[in-house]
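**Student:** Okay, here's the prediction I keep looking at, along with the sequence it came from:
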Amino acid sequence: MNLLIKNGNILAENGELKKQDIRVEGTKILEIGENLAENGEHVLDAEGQLIVPGLIDLHVHLREPGGEHKETIETGTMAAAAGGFTTIAAMPNTRPVPDTVENLTNLNNRIEETSHVRVLPYASITIREAGKELTDFVSLKETGAFAFTDDGVGVQQAGMMYEAMKKAAAIDAAVVAHCEDNSLIYGGAVHDGEFAAKHDIPGIPSICESVHIARDVLIAEAAGCHYHVCHISTEGSVRTVRDAKKAGIRVTAEVTPHHLLLCDEDIPGIDTNFKMNPPLRGKKDQQALIEGLLEGTIDFIATDHAPHTAEEKAAGMKSAPFGIVGLETAFPLLYTHLVQKGLITLKQLVDWMTIKPAQAFGLPYGKLEEGAVADIALIDLQAEKAIDPEKFYSKGKNTPFAGWKCNGWPTATISEGKLVWQEGKVQA
Ligand SMILES: NC(=O)N[C@@H](CC(=O)O)C(=O)O
Ligand SMILES: [Zn+2]
């Protein structure tokens, strides 16, 4: 059934809110304007709501296949819809890894059968993400690989990265990098800073990330490939990306909500919901990330949604797995703690979660205009709620933000013209 969204507020290019209606026909936006007449559509009353393009998150761990006890494509995409996301990219650190046409085809079939929103699957750079042997980029791209990454682990050998980037450049695919030099981690569990020292927990130094970025931007320049940095977390990394961009190297970078909102001083004690990779860095790093976004060194925001079970997370700071969930809290957290506090504007936040990731990867999504795919999110900027992990659609309840009071909650999500989630309504 076609949709008519009435009386919502759309962000104009200059950042002002304008009351508009949106008529959706099939999978597309047919018309945007004032006082559109009803024509037998299902009417969605958006009075007082912000209407934005469906949010885009290019760093999500859906865990299926192999990790269904943590999350499934079904639960993860339901969480995405409830967070206002209509496009997410699924990381390949699953079992099996999407490293062959057969494995990627299986993943595509599962996505087709059970996802609530659009899922773009990454394929791995190396077989089993083991860093030893490259996958077949050509056939994987033909099978629908969105881009190539070994996320969860860094590609250790420079020569391997060079070969990967040359192959990616030849087919105009991006190499998306989890930047971590294993010879510089020292078995760490948190940032190598005050918290690590105080609690006698092994620390992860900042250079384990930035040296990989410094290496890779030079390799990307030599290979002529689009190189994207995952979850950037340190001041030195931001500086390295800034310099590379200035030198004309084709590099983009993403930052997570948690690295923007927290630093290691905020870790309250031994709580594994504050353990993720990269770790929460120092206060100066956190500030550099916000500045990096504002100046355009960092291109967009991605959650690195990484669900784990409570049992797994109970293993203690040294042994628990790295990662926190993020899909259902990203927008309200960033709206409340960056926009409402005046550090960024609403337009900037929306752009960093829609058009900016789309532009970085040449995706045709992330904009509200006539003829565009009808991916739309409604958000109640005034609504106030405390974050309650027990209410998450995600199987993962592992968040450091439980109890945080936020405004800016999504109320309805439309994916390709279909209402896939509405607040308070159970979805079929
Ligand atoms: N970020 C994390 O802390 N964990 C991710 C892996 C990753 O994104 O590196 C995971 O898969 O759990
Ligand atoms: Zn990663």
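**Tutor:** Looks like it came in fine. Ligands and ions are numbered 1, 2, ... in the order given.
**Student:** May I have the strands that pair with the helix or strand encompassing V420, each with its orientation?
**Tutor:** For V420, the enclosing helix or strand under DSSP states H and E is strand 418-422. The strands that strand 418-422 pairs with in its sheet are strand 405-415 (antiparallel) (by DSSP bridges).
**Student:** Flag every buried residue along the partner strand.
**Tutor:** 406-415 (16 or more other C-beta atoms under 10 Å). C-beta here means a position set from N, CA and C on the backbone, and glycine is covered the same way.
**Student:** and if you look at stretch 214-233?
**Tutor:** 214-221, 223, 225-233.
**Student:** near ligand 2, which of the residues you listed show up?
**Tutor:** C230 (C-beta under 5 Å from the ion).
**Student:** Can you pick out the ones from the buried residues of stretch 214-233 that are in helices?
**Tutor:** Among the buried residues of stretch 214-233, the residues falling in helices (DSSP state H) are 214-221, 223.
**Student:** Tell me the one among the residues you listed nearest to ligand 2.
**Tutor:** Distance to ligand 2, by C-beta to the ion, is smallest for D216 among these, at 14.0 Å.
**Student:** Show the contacting residues for that closest one.
**Tutor:** 161, 177, 179, 227, 229 (C-beta atoms under 8 Å, 6 or more residues apart in numbering).
**Student:** and if you look at A12?
**Tutor:** K18.
**Student:** what's the burial count for G292?
**Tutor:** Applying other C-beta atoms under 10 Å, we find 22 residues neighbouring G292.
**Student:** Run through who's touching the helix or strand that it is a member of.
**Tutor:** Counting by DSSP H and E, the element that carries G292 is helix 283-295. Residues from elsewhere that reach helix 283-295 (C-beta under 8 Å, 6+ apart): 206, 232-235, 238-239, 241-242, 253, 255, 259-263, 265, 298, 301, 338, 343-344, 348, 352.
**Student:** Grab the most central residue of this structure for me.
**Tutor:** By C-alpha atoms, centre = their mean, the chain has its centre lying nearest to A302, at 2.6 Å.
**Student:** Give me the nearest residue to that one, chain neighbours excluded.
**Tutor:** Spatial nearest neighbour of A302, excluding adjacent residues (C-beta to C-beta, 6 or more residues apart in numbering): H59 at 3.7 Å.
**Student:** T94 now?
**Tutor:** Nearest residue to T94, sequence neighbours excluded (C-beta to C-beta, 6+ apart): G66, at 5.0 Å.
**Student:** Now do the one you found, the pLDDT please.
**Tutor:** Looking at G66, its pLDDT is 98.
**Student:** Please enumerate the strands of the stretch 201-350 of the chain.
**Tutor:** 203-204, 226-229, 251-255, 300-301 (DSSP state E, counting those that start in this stretch).
**Student:** Would you format these as TSV with mean pLDDT included?
**Tutor:** TSV is the format used below for the strands of the stretch 201-350 of the chain (pLDDT from 0 to 100):
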stretch	mean pLDDT
strand 203-204	98
strand 226-229	99
strand 251-255	99
strand 300-301	99
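**Student:** May I see those strands arranged in a markdown table, with distance to T75 as well?
**Tutor:** Listed next are the strands of the stretch 201-350 of the chain as a markdown table, based on distance: least, C-beta to C-beta, whole Å:
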| stretch | distance to T75 |
| --- | --- |
| strand 203-204 | 30 |
| strand 226-229 | 27 |
| strand 251-255 | 23 |
| strand 300-301 | 22 |
